[in-house]
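A.B. asks: how does the following fold in three dimensions:
(one chain, ligands or ions: 1)
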Amino acid sequence: MENILEVEDLGIMIDGEKIVKDISFFVHDQHITCIVGESGSGKSITMSAVLGLLPKVACKTKESKIMFHGDSMFCIYQDPMNSLNSSVKVGKQLYQMAKGYKKMTRTEFDQQMGIILERIKFEDPMRTLNKYPFELSGGMLQRLMIACAILVTPSLIIADEPTTALDVSIQKEIMREFRAINREYQTAILVVTHDFGVVAELADDVIVMHDGEIVEKGRVLDLFDSPQEEYTKRLLKASFEGAENCS
Ligand SMILES: Nc1ncnc2c1ncn2[C@@H]1O[C@H](COP(=O)(O)OP(=O)(O)OP(=O)(O)O)[C@@H](O)[C@H]1O
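C.D. replies: Below you'll find the model as predicted:
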């Protein structure tokens, strides 16, 4: 099994403080890997480093190594509304995005997106592409981003809390679509989440982060069956006890 992404001794400094503490992990090609941890554990800033988009206040240590072995990465953010321009129609923005990956005319884009959107059950794809972001729900925008990911078929999709802002039924739909992309195109997907429910639904492999460090990593079934670290045991217990109490 090849690794599509290898991160070695990644250290991230903010204001003289090491926020991410020399972590190493890899993402298997064709697998869905989840990075899970509580708020502030350093998941998002780790992803920013992988994407080469660290905020100005942060810098990597010189020992940090990030090796990407694919052709392209496509990022899906938690809140697509904030990553899109509210005064430009979504079709135009997604076309600009897709053009960065694949040479195509707007007509070709519309045709291909039309097919994908129909497949993922959009009733009127062209009408949707003709709308402004604020005219669509968070779930619709997230599914449009997923459709765009299907269109550009990157080697790696990075999704930072892709379902957090959404209703439970839409969350399930989004997770189904991620799984379908992974199965159909063997695209590797790296998902950042605080939610062990998402990990249970999606992940082949899991990396648990706490306070800028990796506490535990491995195959998801092994980790759920026999977590080795107290921190992981606690998180798992809290997540699934909470879920049982809700049902
Ligand atoms: N732009 C920034 N400026 C200052 N500190 C930051 C910045 N981004 C992240 N941090 C700090 O880095 C640490 C890790 O943040 P990060 O957003 O990566 O955590 P997280 O695990 O993704 O949590 P969350 O789910 O709440 O986003 C936090 O202590 C945070 O305050």
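A.B. asks: just the C-alphas of the helix or strand where M113 lies, formatted as PDB.
C.D. replies: Take DSSP states H and E as the rule and M113 turns out to sit in helix 106-119. Output in PDB follows, covering the C-alpha atoms of helix 106-119 (Å, rounded to 0.1, in the frame of the first residue of the first chain):
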ATOM      1  CA  ARG A 106     -17.500  26.600 -19.300                       C
ATOM      2  CA  THR A 107     -19.800  24.600 -21.600                       C
ATOM      3  CA  GLU A 108     -17.800  21.400 -20.900                       C
ATOM      4  CA  PHE A 109     -17.900  22.200 -17.100                       C
ATOM      5  CA  ASP A 110     -21.700  22.800 -17.200                       C
ATOM      6  CA  GLN A 111     -22.200  19.500 -19.100                       C
ATOM      7  CA  GLN A 112     -20.000  17.500 -16.700                       C
ATOM      8  CA  MET A 113     -21.300  19.100 -13.500                       C
ATOM      9  CA  GLY A 114     -24.800  18.600 -14.800                       C
ATOM     10  CA  ILE A 115     -24.300  14.800 -15.000                       C
ATOM     11  CA  ILE A 116     -22.600  14.600 -11.600                       C
ATOM     12  CA  LEU A 117     -25.300  16.800  -9.900                       C
ATOM     13  CA  GLU A 118     -28.100  14.700 -11.400                       C
ATOM     14  CA  ARG A 119     -26.400  11.600 -10.100                       C
END
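A.B. asks: for that helix, packing partners?
C.D. replies: Judged by 3 or more C-beta pairs under 8 Å, 6 or more residues apart in numbering; DSSP states H and E, the packing partners of helix 106-119 are helix 90-99, helix 125-129, helix 138-152. For every residue, glycine as well, the C-beta is placed using N, CA and C.
A.B. asks: now those as TSV including mean neighbour count and mean pLDDT?
C.D. replies: Shown next, in TSV, are the helices and strands packed on helix 106-119 (neighbours: other C-beta atoms under 10 Å; pLDDT from 0 to 100):
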stretch	mean neighbour count	mean pLDDT
helix 90-99	18	95
helix 125-129	17	94
helix 138-152	23	90
